[in-house]
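Novice: how would this look folded up:
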Amino acid sequence: MWRPRVKNRLDRLRRYQHIIAVLMKYGLEEAADGLRSRVSARFGRKATPLYVKKAAEGHSRPARVRFALEELGPTFIKFGQLLSTRPDLIAPEYIEQFERLQDQVKPDTFERIRTEVERQLDGKLEEVFKEFDPTPLAAGSIAQVHRAQTREGDDVAVKVRRPGIVEVIQAECEVLEELTSILKFALFEHETIDPREMVREFVEAIVKETDLANERRSLLRFGRSFANDPTIHVAGVYEDYCSEGVLTMQYIDGAKPDDPQSLTEQGFDPALVAARGAAFVMRQVFELGFFHADPHPGNFFLLPGNVLAPIDFGQVAWLSSKDRRLFNEVMLAIVDNEAGRIVRALSRDDMLHERTNVNQLTAQMEQFLDTHRDLPLRNIPFGPVVSQTFDLFRSNYVRPPAQFTLMLKSLVTIEAFARSLDPDFNIIESLKPYARKAALRDFEPKHVLRQTRRALEEAGDLASRLPDDINVILTKFRQGRFQVRVHHEHLENLTKTVDKGSNRISFALIISALLVASSMLVPQQGTVLGLFRLQSMGIVGYIIAAIIGVWLIISIIRSGRL
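Specialist: Residues are numbered from 1 along each chain as shown. Coordinates of the predicted model:
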């Protein structure tokens, strides 16, 4: 038991040393110093590097943070990618840099992949699959994809989790959790970001991503949801060839929707593909309540008939009914130019911080919407509008749910994808009917009846419990055990202030009494009990009064409240 702990301690020390060196290399000394003091306290001062040659001088701070994350490896890259989806928390210049982060990793060796597949599927690779291409189709930091053929002869894509990646990510996440306070005060001091919350969110997201069984369930759910939609094809899943570390799905041989001219030459309609891509995301957001969180062109294939085939369902998010109602209301308020309605919706859903100035937020929102008041929908730039909205949220301490922010980011991504294929595409015109339909859904008879029934059930439950609750209150009242507790958030500060004020008044009275008494004693002749002269006692009184007076003046000056 002793040796593994020592090895883990040494591994952790080496990782900390590497992180400190990378932070120093890219001029992030505040973060490096904060981590160095913590590591020195645990491992000794000599355990940390004191000098590292600087790199990337002349680049902006956000760029240097990106360089550091890239050098620190896959887990930190993933963390930066997560931060890039939170424009409500960090500034646009950081978002721009973090969006450039890519998983630039070499594929794992085929022998290691073979061993992992055989371990996960409990059989020799040649017995499990009829064919298995050793060259990967794609490689990421968590998994890589190989083309294969099942025993039944079906062409499939096999996503295999990298061997040992779960343990590596767990260790890296522990390091990230220990760095949260340093991240806040050294890298994002002037941002509203809470690194602890972000790291918890990141750990939860990456743990789900490393379990390919989660992606399998998402893929199956999307398949059921779009089974009757002829414009969308979701790859089928081969569940007999799946585990938590292996996902086997239908191989899709299609075109990549990245060049409208090339698509036209192949017989596709770029404008139709753009509209279908937007409709794919709209339906998820407004009707299904769960959505593909990264709908960029690389995650789509095109099949004959302009059919879209989405891939990579590792990043999927869910919207609660409350989040969807909020989004519907905000979108309709933007379209109808009603700033007050947006602020009321944010307040109702408890998204305003105690530091939020509601009047200022409303005025800024009105000014923001007024710049687009007379523009036709086709001329309203959705991406910049969303970006400016996030700026307003961040500067006014508005805290939308993470899923809400991710959903808006997803819409901005699909708009960029659609406009790359059709420059005349406008997402707001596509979005408005979905928002109207979703808003009207709340007034459908079946929905109203459901809400009414639920309200009646809750009222009935309250009425049934009311006599018992009243009886308990009256019993306590008769027995003299009825208590009312009042809590005031800042009452302690008021109490301390009153105590300080009363103490100063007391000292002032003592000083006054000493001065008066001393003034009466100094002119007198004689002694007290034959030991102390009255004049001497008067002089001592003056000295004591002077000492207390000087101390009182100094304490008042230090408090800053003259």
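
Novice: for Thr527, give its distance to Ser518.
Specialist: Look at Thr527 and Ser518: by Cβ to Cβ, to the nearest Å, they are 16 Å apart. Backbone N, C-alpha and C define where each C-beta goes, glycine included.

Novice: more crowded one of these two?
Specialist: Of the pair Thr527 and Ser518, Ser518 is the one with more neighbours under other Cβ atoms under 10 Å, namely 19 against 12.

Novice: so where does that one fall, helix or strand?
Specialist: Assigned by DSSP states H and E, Ser518 belongs to helix 491-521.

Novice: can you check Gly541 too?
Specialist: With elements taken from DSSP H and E, the one containing Gly541 is helix 534-559.

Novice: isn't there a strand covering Leu247?
Specialist: Yes. Going by DSSP: H, G, I helix; E, B strand; the rest coil, the assignment for Leu247 places it inside a strand.

Novice: list the contacts for it?
Specialist: With contact set as Cβ atoms under 8 Å, 6 or more residues apart in numbering, Leu247 has these partners: Val158, Lys159, Leu212, Glu215, Arg216, Leu219, Val237.

Novice: for the last one, give me the backbone phi and psi.
Specialist: For Val237, the backbone dihedrals are phi -110, psi 140 (criterion: degrees, to the nearest 10).

Novice: hmm, Arg221 and it touching each other?
Specialist: No. Between Val237 and Arg221 there is no contact under Cβ atoms under 8 Å: 10.6 Å.

Novice: neighbour-wise, which of those two wins?
Specialist: Counting neighbours by other Cβ under 10 Å for Val237 and for Arg221 shows that Val237 has the greater number, 19 against 15.

Novice: element containing the residue nearest the centre of the chain, please.
Specialist: Nearest residue to the geometric centre of the chain (Cα atoms, centre = their mean): Met198, 4.5 Å. When elements are assigned from DSSP H and E, Met198 belongs to helix 195-210.

Novice: show me where the stretch 201-350 of the chain has helices.
Specialist: With DSSP state H, counting those that start in this stretch as the definition, the stretch 201-350 of the chain shows helices at residue ranges 212-225, 260-265, 270-283, 321-336, 339-348.

Novice: and the longest one, how far from the chain's centre?
Specialist: Here helix 321-336 is found 21 Å from its chain centre; the criterion is Cα atoms, centre = their mean, to the nearest Å.

Novice: quick one: it to helix 339-348, angle?
Specialist: Using axes from the mean of the first three to the mean of the last three Cα atoms, to 10 degrees, one finds that helix 321-336 and helix 339-348 are set 170 degrees apart in direction.

Novice: which strand or helix spans the residue nearest to Asn396 when sequence neighbours are not counted?
Specialist: Among residues not flanking Asn396 along the chain, Leu361 sits closest, at 4.5 Å (Cβ to Cβ, 6 or more residues apart in numbering). Following DSSP H and E, the helix or strand that holds Leu361 is helix 358-370.

Novice: buried stuff in that helix?
Specialist: By neighbour count, and taking 16 or more other Cβ atoms under 10 Å as the criterion, the buried residues in helix 358-370 are Leu361, Thr362, Gln364, Met365, Glu366, Phe368, Leu369.

Novice: who touches the following helix or strand past it?
Specialist: Note on helix 358-370: by DSSP H and E, the next helix or strand toward the C-terminus is helix 382-395. Under the criterion Cβ under 8 Å, 6+ apart, residues 87-92, 191-192, 334, 361, 364-365, 368, 372, 398-400, 405, 408, 411-412, 415-416, 426-428 lie in contact with helix 382-395.

Novice: just the buried ones from those?
Specialist: With neighbours counted by 16+ other Cβ under 10 Å, these contain buried members at 87-91, 192, 334, 361, 364-365, 368, 372, 398-400, 405, 408, 411-412, 415, 426-428.

Novice: go ahead and confirm the residue nearest to Asn396 touches Val398.
Specialist: Yes. Contact status for Leu361 versus Val398: in contact at 7.2 Å, counting by Cβ under 8 Å.

Novice: are there residues contacting both of those two? Which ones?
Specialist: Contact criterion Cβ under 8 Å, 6+ apart; residues shared by Leu361 and Val398: Leu352, Leu392.

Novice: distance of Ala143 from Pro74?
Specialist: From Ala143 over to Pro74 (counting by Cβ to Cβ), the distance is 11 Å.

Novice: repeat for Pro92
Specialist: Separation of Pro92 from Pro74 (Cβ to Cβ): 25 Å.

Novice: which intervals of the stretch 1-150 of the chain have sub-threshold pLDDT?
Specialist: By pLDDT under 70, the low-scoring segments of the stretch 1-150 of the chain are 1-9, 40-51, 102-104.

Novice: now the helices for it?
Specialist: 2-25, 29-43, 61-72, 74-83, 92-98, 110-121, 125-128.

Novice: picking up where we left off before, list the buried residues of the helix holding Gly541.
Specialist: By neighbour count, with 16+ other Cβ under 10 Å as the criterion, the buried positions of helix 534-559 are Gln535, Met537, Gly538, Gly541, Tyr542, Ala545, Gly549, Leu552.

Novice: what helices or strands is that helix leaning on?
Specialist: For helix 534-559, the contact count by 3 or more Cβ pairs under 8 Å, 6 or more residues apart in numbering; DSSP states H and E identifies helix 491-521, strand 527-528 as packing neighbours.

Novice: and it, average pLDDT?
Specialist: Confidence for helix 534-559, expressed as mean pLDDT, is 78.

Novice: report the lowest-confidence entry in the buried residues of helix 358-370.
Specialist: Least confident by pLDDT among the buried residues of helix 358-370: that is Leu369, with 80.

Novice: neighbours of Val105, how many?
Specialist: When neighbours are counted by other Cβ under 10 Å, Val105 comes out with 15.

Novice: would you check that it makes contact with Ala143?
Specialist: No. Taking contact to mean Cβ under 8 Å, the distance of 10.6 Å between Val105 and Ala143 leaves them out of contact.

Novice: burial of the residue nearest to Ala68 when sequence neighbours are not counted, as a residue count?
Specialist: Closest residue in space to Ala68, ignoring its immediate chain neighbours: Tyr26 at 4.6 Å, by Cβ to Cβ, 6+ apart. Using other Cβ under 10 Å, Tyr26 is surrounded by 25 other residues.

Novice: how about low-confidence regions in the stretch 351-500 of the chain?
Specialist: Within the stretch 351-500 of the chain, the stretches falling below the threshold (pLDDT under 70) are 373-379, 438-462, 482-500.

Novice: if we go to 90?
Specialist: With pLDDT under 90 as the threshold, the stretch 351-500 of the chain has low-confidence stretches at 351-420, 422-500.

Novice: relative to Leu176, how far out is Leu13?
Specialist: When distance is defined by Cβ to Cβ, Leu13 is 17 Å away from Leu176.

Novice: so who does the residue lying closest to Arg112 once chain neighbours are set aside touch?
Specialist: In space, Arg112 comes closest to Pro163 once its chain neighbours are excluded; the distance is 5.1 Å by Cβ to Cβ, 6+ apart. Contacts of Pro163 were listed using Cβ under 8 Å, 6+ apart, and they are Asp108, Arg112, Ile113, Thr115, Glu116.
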